[in-house]
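Asker: coords please:
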Amino acid sequence: MPTTLATNYLGSNAAAVLLTGGSATRIYYQSADGSIHEAAGTGAAVNNPVYTECIVVAAEKVRINTPIAVVAWPEGNTDQIRLYFIDKASLLHELCSTSDTPGTWPEDFLSSRKYETAANSGLLCAIFTTGPNIRVGYQSAAHPEVITEATNTSSAWNQGNFA
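Answerer: Model prediction:
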């Protein structure tokens, strides 16, 4: 029997990242139940890989049709992973995990800044650069006409707008 979705459910957003070594993959998506899931595995779908799946964020914490962004980078013998999404109050969130602690997703520093996004915005992207620096682009409630970027350098988040 097909699943009946709420009328405000328009589909799923997804983001994926390839971890160090080039074969371990993480795919993050919002499922029909509204929660954000992680599918973790190794290899291309055409090779019949085994992927495990878990819920990363419960539906009651996530905005329907939230955009999703993810970055990863090597640190020692593991990969750091950061996942970004928008909650029901239109606030930007950052969760952190590592490749050797699957299923563990505490809130990270960006969430505490309470950056408010524009209502119903589908814009969210994340970039990791050496430093390490993380850049997260989104549409802010204060300046919806431009892309706002939150940047983390030396564990401090700041934001600015692209003109």
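
Asker: Looking at Thr3 now. What's its pLDDT?
Answerer: If you check Thr3, the pLDDT there is 46.

Asker: Paired strands for the longest strand seen in the chain, with orientation please.
Answerer: In the chain, with assignment by DSSP state E, the single longest strand is strand 78-86. Applying DSSP bridges, strand 78-86 is found paired with strand 69-75 (antiparallel), strand 92-98 (antiparallel).

Asker: Now stretch 125-141: buried residues?
Answerer: 126, 128, 134, 136-140 (16 or more other C-beta atoms under 10 Å). Heads up, the C-betas are built off the backbone N, CA and C, glycines and all.

Asker: taking the mean pLDDT, what do you get for that stretch?
Answerer: Mean predicted lDDT for stretch 125-141 stands at 91.

Asker: which residues touch that stretch?
Answerer: 67, 69-73, 75, 80, 82, 84, 86, 90, 92, 94, 110, 115-119, 121, 123-124, 147-153, 159, 161 (C-beta atoms under 8 Å, 6 or more residues apart in numbering).

Asker: again, only this time at 7 Å
Answerer: Contacts to stretch 125-141, defined as C-beta atoms under 7 Å, 6 or more residues apart in numbering, come from residues 69-71, 73, 82, 84, 90, 92, 110, 115-118, 121, 123-124, 147-153.

Asker: Export only the CA atoms of that stretch, formatted as CSV.
Answerer: The C-alpha atoms that make up stretch 125-141 are tabulated as CSV, following Å, rounded to 0.1, in the frame of the first residue of the first chain:
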residue,chain,number,x,y,z
CYS,A,125,25.6,24.5,0.9
ALA,A,126,28.8,23.6,2.8
ILE,A,127,32.4,23.7,1.8
PHE,A,128,35.5,22.6,3.7
THR,A,129,38.8,24.3,3.0
THR,A,130,42.2,23.7,4.5
GLY,A,131,42.8,25.5,7.7
PRO,A,132,40.5,23.8,8.7
ASN,A,133,37.7,26.2,7.7
ILE,A,134,34.1,25.4,7.1
ARG,A,135,31.9,27.7,4.9
VAL,A,136,28.1,27.3,5.1
GLY,A,137,25.9,29.3,2.6
TYR,A,138,22.2,29.9,3.3
GLN,A,139,19.4,32.4,2.8
SER,A,140,19.0,34.4,6.0
ALA,A,141,15.8,35.8,7.3
